[in-house]
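Chemist: model this:
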Amino acid sequence: EVLTLLLLMYPLLRGLALQLHSALTGSYIPGTHSIAFVNCLNEQIARDIARAIMDKRLAAYVNILPKSSALYFWKGELEESTEILLLVKTRTSKIGELSNYVRSIHPFEIPEIISLPIDQGNPLYLKWIEENVPRD
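Modeler: The predicted structure is shown next:
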């Protein structure tokens, strides 16, 4: 019974051990923060969505990248358009909430909202993200 309980609790215990190690050594735990990519039809929509994300404290920083060309399949047809891309820096634990919120306000039927974990980076910057995005 005890072994089964320990095995079930391993992910939780490992996570707590990593957090404790990080707190004591000041080292970064890879994947604690993420960059989310959100595509937008135009600059005004991009600014509105970026502002809404920031107002909800779902990110510490949002880049609004200039217009780029996009090719994609939509309803069986090859489409070509221009888009504005948001790069959203946040806690990985906020990605689900961020995705749900963006889907609720985004005009696209299926907006692109994907994320990649941040493996490493400037420790001071990563700490700054941590300080500016509230915990769950």
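Chemist: what helix or strand does the most centrally placed residue in the chain sit in?
Modeler: Nearest to the mean C-alpha position of the chain, by CA atoms, centre = their mean, lies A36 at 3.8 Å. Taking DSSP states H and E as the definition, A36 sits inside strand 33-40.
Chemist: buried ones in stretch 36-51?
Modeler: 36, 38-40, 45-46, 49-50 (16 or more other CB atoms under 10 Å). Backbone N, C-alpha and C define where each C-beta goes, glycine included.
Chemist: the helix or strand harbouring S68: what's the following helix or strand?
Modeler: Using DSSP H and E, the element containing S68 is strand 61-74. Moving toward the C-terminus from strand 61-74, the next helix or strand (DSSP H and E) is strand 77-91.
Chemist: packing partners of the strand holding A36?
Modeler: With contacts defined as 3 or more CB pairs under 8 Å, 6 or more residues apart in numbering; DSSP states H and E, strand 33-40 has these neighbours: helix 43-55, strand 77-91, helix 95-105, strand 113-117, helix 123-132.
Chemist: need phi/psi at the closest residue in space to I45 that isn't next to it in sequence.
Modeler: Nearest residue to I45, sequence neighbours excluded (CB to CB, 6 or more residues apart in numbering): P107, at 6.4 Å. Note on P107: backbone dihedrals following degrees, to the nearest 10 are phi -70, psi -20.
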